[in-house]
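In: got a predicted structure plus its sequence, pasted below:
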Amino acid sequence: MMTKGQAEAKIGEIFVKYEKRDTGLGAAEVKAYFIKDAVYVRMKGVLTHQEKTLSETKDGRFEIKILRAKQFDISRGALVKEVEEALKAKVMSVHTDISGNTGDRIFVLVMDKIIDTGF
C-alpha cells in the first residue's frame, strides 16, 4: 500500500506524462495534493516556446487557454482513467486553467469519495 506522499507523487507523474505526450514538454515542477475528496495538481513551466511568444499579448493568452482546453478534451479520457486506477476512486469532474503570465497550469479533480485519508 502506498503512503499519501507516494500516491500524490504518482498522480504528479501521471500529469507530467500527459503533458509530455500532448505538448512535447513536461513541467519544470509538479505538485499534487489530496484535499478531502479532491485532487489538486499544480504544474509550473508548462508553456511551449510558441505559447511563451503568444503570451505577450492579452489575445495570445486567451488563445493559449482555448487551445489547451481543446487539447485537454481530446486527452481527458486517458488521463482520467489513469487517475481512477491509481486512486481506486471515480473522477466526478475535472477543472483546469493555465496562466499565460506565469506558465503555471492547475487541475482540480473532484472524486467520488474522500481520498486524503486511508494511506
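Out: Perfect, thanks for sending it.

In: from here on, contacts and neighbour counts on C-alpha atoms
Out: Noted.

In: which residue, other than its chain neighbours, is closest to residue 4?
Out: Nearest non-adjacent residue to residue 4, counting by C-alpha to C-alpha, 6 or more residues apart in numbering: residue 119, 5.3 Å away.

In: brain fart, residue 3
Out: residue 119 (5.0 Å).

In: can you give me the strands for this structure?
Out: 29-35, 38-44, 91-98, 105-111 (DSSP state E).

In: format these as CSV; extra columns: distance to residue 53, mean pLDDT and mean neighbour count.
Out: Formatted as CSV, these follow (distance: least, C-alpha to C-alpha, whole Å; pLDDT from 0 to 100; neighbours: other C-alpha atoms under 10 Å):
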stretch, distance to residue 53, mean pLDDT, mean neighbour count
strand 29-35, 21, 97, 18
strand 38-44, 17, 98, 20
strand 91-98, 15, 97, 15
strand 105-111, 17, 98, 19
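
In: same list, those strands, but as CSV with distance to residue 20 please.
Out: Output for the strands of the chain, formatted as CSV (distance: least, C-alpha to C-alpha, whole Å):
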stretch, distance to residue 20
strand 29-35, 13
strand 38-44, 12
strand 91-98, 16
strand 105-111, 13
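
In: could you list the buried residues of the lengthiest helix in the chain?
Out: Scanning the chain for the helix with the most residues, using DSSP state H, yields helix 58-87. For helix 58-87, a neighbour-count test (16 or more other C-alpha atoms under 10 Å) marks 60-61, 63-65, 68, 72, 80, 83 as buried.

In: give me the angle between that helix and strand 38-44.
Out: 130 degrees (axes from the mean of the first three to the mean of the last three C-alpha atoms, to 10 degrees).

In: helices or strands up against helix 58-87?
Out: If you count contacts as 3 or more C-alpha pairs under 8 Å, 6 or more residues apart in numbering; DSSP states H and E, helix 58-87 packs onto helix 4-23, helix 49-54, strand 91-98.

In: got a list of what residue 31 touches?
Out: Neighbour list for residue 31: 8-9, 12, 41-43 [criterion: C-alpha atoms under 8 Å, 6 or more residues apart in numbering].

In: state the distance from the spatially most central residue of the chain to residue 118.
Out: Centroid-nearest residue in the chain, with C-alpha atoms, centre = their mean: residue 107, separated by 4.4 Å. As judged by C-alpha to C-alpha, to the nearest Å, residue 107 and residue 118 stand 22 Å apart.
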